[in-house]
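Chemist: need a structure here:
(2 chains)
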Amino acid sequence: MLAKRIIPCLDIKDGRTVKGTNFLQLRDAGDPVELAMRYCTEGADELVFLDITATVDKRKTLAELVRKIATHINIPFTVGGGINTIDDVSVLMEHGADKISVNTSAVRDPQLVSDLAKNFGSQCVVVAIDIKLFNGTWKVVTHGGRNATDLEATDWAKKVTDLGAGEILLTSMENDGTKKGFALDITRRISEALPVPVIASGGAGTLGHFKAVFEEGAADAALAASIFHFREIEIGALKNYLKESNIPIRL
Amino acid sequence: MIGIIDYNTGNLGSIKNMLDRLGFDNAIISDPAEIDQASKLILPGVGAFDVGMNSLQNGGWIAPLHKKVLKDKIPILGICLGMQLMTLQSEEGTGKGLGWINARTKKFNFADTTLKVPHMGWNLVRIQSPSPLQQELDKLDEIKFYFVHSYFVLPEDSSNTIYSCHYGQDFCAAFQAGNVMGVQFHPEKSHKFGLKLLNNFASL
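Modeler: Model prediction:
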């Protein structure tokens, strides 16, 4: 049985891990390499690094960081944030990233998804989709939730999969940061509509939320950040709990 | 020295990192002329079958590899696409494979549409025929490796299968035919399980 994956996410700014509330009040959460190694030891199945550094110049710092991470961890990792071109991806892959994720740039230019899939293979192209409810319909939003689009969530997920996305990272802005659980209905709908794995993100607060997103949400993987950073939930304890709940998991 | 063959497909750094961590002398080999320095080889690879074979062809790798593998019989480990290239042919491509094992590469084709392709993530493997690549791993209750693939290898002789995995069907997760070994999963991304397997290969 294929194991459900637990994926901690690290937000990176200028080479450090940061964590804020609603994208504000960023505070330092430590050295990303140390944090990554800790998660690796504790049983994380993969890691996601999202670079929120604004300037082009500082992205060189990111490439060096990716190299450092690749040297120290032996589980797959995804790097995302500010990726706009094939060259951006080449640099990250050469430095040791296993997968990359695109979000706003895919909405702006869907062709980018197919170009990346052709150049690097679908297995390393993750499309991150942020969604929000508008009058009962889940729509895609960009720029960390600030900009609305007309794209319906499931349609967009199908489209990027047709273009070559190998995996979808689905974040509900309605749930993100609430610790009230994942958006189960839309996660299930998208997961069942797609031939590729779906990583659910946004809303994890308890052990039970993870069980629910795998069972009711039909997610292939679950991603969370602050609850892991601040040890509100330990990955080992989470995985033991899921195992006891008969969810296939890697221990 | 363990030579990691660089024929322009994918990320070799993580394999090198793991061998460094285990303390084995190794090098990424980008020139077929350097292949004779290696006492063992690793053939990595991600991507499509024909692209991989063309890269080996265009890089001048085929003849030196045949010599090292078939004549000198040094141990070689194919990883993911590298494993598939060792077979006779693949449903993914039209050209021939290296043909070091009597096996064919097939595509996952499931009647059950809830099964996603690629098969991606950590999955359980079971020991089939005995192999030195199982040392210490055979003591564990569960052996799990990280997979990302849409095609799998079907050996003609089932006793070549050393690890099997189940995803919609049983398939060969690793084979050994003498000095020729292949793993469908990524040991370099499979944490403690992968380290043990690479250690076993490097210690042969």
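Chemist: Could you check how far A:Ile73 is from chain B?
Modeler: Distance from A:Ile73 to chain B, counting by CB to the nearest CB, to the nearest Å: 9 Å. In short, each C-beta sits where N, CA and C put it, glycine included.
Chemist: give me the number of residues near that residue?
Modeler: Residues near A:Ile73, counting by other CB atoms under 10 Å in any protein chain shown, number 23.
Chemist: for B:Ala63, same thing?
Modeler: 9.
Chemist: all helices in the chain, in order from the N-terminus.
Modeler: You didn't pick a chain, so chain A it is. A:32-42, A:59-72, A:86-94, A:104-108, A:111-120, A:153-163, A:184-193, A:207-215, A:226-229, A:235-244 (DSSP state H).
Chemist: my bad, chain B
Modeler: Using DSSP H, helices in chain B cover B:13-22, B:49-58, B:62-66, B:81-85, B:191-202.
Chemist: returning to what we had before: turn the helices of chain A into TSV, columns for mean neighbour count.
Modeler: Below are the helices of chain A laid out as TSV (neighbours: other CB atoms under 10 Å in any protein chain shown):
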stretch	mean neighbour count
helix A:32-42	18
helix A:59-72	18
helix A:86-94	17
helix A:104-108	20
helix A:111-120	19
helix A:153-163	20
helix A:184-193	19
helix A:207-215	21
helix A:226-229	20
helix A:235-244	17
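Chemist: Show me the shaky parts of the stretch 1-150 of chain A.
Modeler: Flagging of the stretch 1-150 of chain A using pLDDT under 70 yields the residue ranges A:20-29, A:54-59.
Chemist: what about 50?
Modeler: The model of the stretch 1-150 of chain A has pLDDT under 50 over residues A:21-24.
Chemist: For it, what lies in contact range of chain B?
Modeler: A:1-5, A:40, A:45, A:67, A:70-71, A:74-76, A:93-98, A:121-124 (CB under 8 Å from any CB of the partner chain).
Chemist: rerun that using 6 Å as the cut-off
Modeler: For the stretch 1-150 of chain A, the residues in contact with chain B (CB under 6 Å from any CB of the partner chain) are A:2-3, A:5, A:45, A:70-71, A:74-76, A:96, A:121, A:123.
Chemist: Tell me which residues of the lowest-mean-pLDDT helix or strand in chain B come out buried.
Modeler: Within chain B, no helix or strand scores below helix B:13-22, which has a mean of 88 by mean pLDDT, DSSP states H and E. Buried residues in helix B:13-22, defined by neighbour count with 16 or more other CB atoms under 10 Å in any protein chain shown: B:13-19, B:22.
Chemist: which other residues reach that helix?
Modeler: The contact list for helix B:13-22, computed with CB atoms under 6 Å, 6 or more residues apart in numbering or on different chains, reads A:70-71, A:96, B:4, B:26, B:28, B:44, B:188, B:198-199.
Chemist: repeat that with 10 Å
Modeler: A:67, A:70-77, A:93-96, A:98, B:2, B:4, B:24-28, B:42, B:44, B:77, B:79, B:186-190, B:194-199, B:201-203 (CB atoms under 10 Å, 6 or more residues apart in numbering or on different chains).
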